[in-house]
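**Q** Generate a structure from the sequence data that follows.
(one chain, ligands or ions: 1)
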Amino acid sequence: MGNAVAIDNSLAAIAAKVDKGIRIDAEDARWLWKNASDSDLCSLASTVRNRFHAPNACTYMVMRIVNYTNVCVAQCDYCAFYKLPGASGGYVLSQEEVFAKLDELLALGGDLAAFNGGFNPQLPLDYYCDLFASIRERYGDSIEFYALTIAEFLYLADHAKLSLPEAAARLKAAGVRWITGGGSEILTEDFRARHSKFKYTVAEYFQAQRAIVEAGLKTTATMVIGFDETLDERLEHLERTRNFQDETGGLASFLCWTFKPYFTQIGGIEITTAEYLRHLALSRIYLDNIPRIRTSVLTQNERALDGLRFGADDFDLPIEDEVTQKAGATINLDFERILNYASELGFTPEYRHVAGSPA
Ligand code: SF4
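**A** Numbering: from 1, shown residues only. Sure, this is the predicted structure:
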């Protein structure tokens, strides 16, 4: 009885903060994670969501991830996608192969491509600049593209012996407008040391993202959960993201997805959709300065749309991503079924055009 009263009091105190638009801290978030019911989390997340979006509104995009090379020297132990240089099965896509993928995307009604590949030491900066410039020339504003992730951008700059601002300027001159926050997984130094010590440090990650924002390019925040990260590590990631947004205002959205463990070195068991949804709600409540919170159809299929009740307002309908497919993700091209599920939940999905749009 006494414990129930304490829980009610704590929940009421946090709910009062959220109602008034007062920011919750890590201690509040820890309490919510451990004690709040799903329906309490839905309610609090919806309160924050409704400050930015109409209650029943949501948006979606049809997109494809273009994995231009799987050759990589980073050797992250959670990755089932990469091949070391010289190993059989390694590839680099030609411009013609990339164009064929973009043509298919357009034919399926999509207008966003996200480039994501490995740290390939054989690819000079010119490979990227030529590729991106040729896409702009061929497709104009009928397609937008997320050129690279922060992780690849860091590798590229280092490999080309350029400062981060110099590398950002070169890509921008080639027609790049977006470099997303992908490749962030969990942004703590401990996590990086445990799983991807050749990738980057957390300080380097944010230096690169700052250089991108200062170059006038657009970027996003991402997060992947379901490795061996602790609750404190998840909260540290959210705290760093919120602080970066306070300082720069440069994050257009936040997307969280779940680790797929199949065929990876570390292996393990997937976390449940229920855990993902709780984390999504906590992220929406914590990240009170990022209007667009996205839910991951790529890793949760149509159940991702339950995330709309847990604070998300936007989702992709992806047609390909070899990185997550290699580790167990499945792609569902039955878009109608997915969109119908959003309607069944009481939301009205609207296509969000990224191409030719400032959003
Ligand atoms: S996650 Fe990315 S950087 Fe790490 S090994 Fe795989 S392709 Fe390379």
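**Q** so what does the strand ranked longest in the chain touch, helix or strand wise?
**A** For the chain, the strand reaching the highest residue count under DSSP state E is reported as strand 57-66. Contact analysis of strand 57-66 by 3 or more CB pairs under 8 Å, 6 or more residues apart in numbering; DSSP states H and E lists helix 95-107, strand 112-115, strand 314-318, helix 335-344, strand 348-351 as its packing neighbours. Bear in mind the C-beta positions are built from the backbone N, C-alpha and C, glycine included.
**Q** Tabulate these (CSV), appending distance to residue 87, mean neighbour count and mean pLDDT.
**A** Below are the helices and strands packed on strand 57-66 laid out as CSV (distance: least, CB to CB, whole Å; neighbours: other CB atoms under 10 Å; pLDDT from 0 to 100):
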stretch, distance to residue 87, mean neighbour count, mean pLDDT
helix 95-107, 20, 14, 95
strand 112-115, 22, 24, 96
strand 314-318, 27, 24, 93
helix 335-344, 36, 15, 92
strand 348-351, 40, 14, 96
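**Q** Mind jotting down where the strands sit in the chain?
**A** Using DSSP E, the strands found in the chain span residues 57-66, 112-115, 144-149, 178-180, 219-225, 251-258, 293-295, 314-318, 348-351.
**Q** Get me the contact residues on the stretch 101-250 of the chain for the ligand.
**A** Counting by CB under 6 Å from any ligand atom, the stretch 101-250 of the chain comes close to the ligand at 118, 119, 151, 196, 199.
**Q** Repeat the analysis, applying 8 Å as the threshold.
**A** 116, 117, 118, 119, 151, 152, 155, 183, 196, 199 (CB under 8 Å from any ligand atom).
**Q** just for this structure, where's the confidence low?
**A** Low-confidence segments of the chain (pLDDT under 70): 1-2, 357-359.
**Q** tell me the angle the longest strand of the chain makes with helix 95-107.
**A** With axes from the mean of the first three to the mean of the last three CA atoms, to 10 degrees as the basis, strand 57-66 and helix 95-107 are set at 160 degrees to each other.
**Q** burial of the residue in the stretch 201-350 of the chain positioned nearest to the ligand, as a residue count?
**A** Going by CB to the nearest ligand atom, the ligand is nearest to residue 323 of the stretch 201-350 of the chain, at 6.7 Å. As a burial measure, residue 323 scores 21 neighbours (other CB atoms under 10 Å).
**Q** Quick one: residues contacting it.
**A** Contact analysis of residue 323 by CB atoms under 8 Å, 6 or more residues apart in numbering lists 65, 67, 79, 80, 81, 116.
**Q** what do you get if the cut-off is 6 Å, keeping everything else the same?
**A** By CB atoms under 6 Å, 6 or more residues apart in numbering, the contact set of residue 323 is residue 81.
**Q** How about residue 38?
**A** Residue 38 is in contact with no residue at all, counting by CB under 6 Å, 6+ apart.
**Q** From residue 3, how far out is it?
**A** 20 Å (CB to CB, to the nearest Å).
**Q** Then residue 99?
**A** For residue 99, the distance to residue 3 equals 62 Å [CB to CB].
**Q** Equivalent analysis for residue 48, please.
**A** Noted for residue 48: a distance of 28 Å to residue 3, by CB to CB.
**Q** So those two - more neighbours on which side?
**A** Taking neighbours as other CB under 10 Å, residue 48 and residue 3 compare with residue 48 leading, 22 against 8.
**Q** What is the neighbour count of residue 219?
**A** Look at residue 219: counted by other CB under 10 Å, it has 25 neighbours.
**Q** Is it correct that it is in contact with residue 208?
**A** No. Using CB atoms under 6 Å, residue 219 is not in contact with residue 208, being 9.5 Å away.
**Q** tell me, how many neighbours does the nearest residue to residue 194 once chain neighbours are set aside end up with?
**A** Excluding the flanking residues, the one nearest residue 194 by CB to CB, 6 or more residues apart in numbering is residue 228, at 7.4 Å. Residues near residue 228, counting by other CB under 10 Å, number 13.
**Q** before we move on, what about the one 5 residues further on?
**A** By the other CB under 10 Å criterion, the neighbourhood of residue 233 contains 18 residues.
**Q** wait, doesn't it sit right on residue 187?
**A** No. Residue 233 is beyond contact range of residue 187, at 8.6 Å (criterion: CB under 6 Å).
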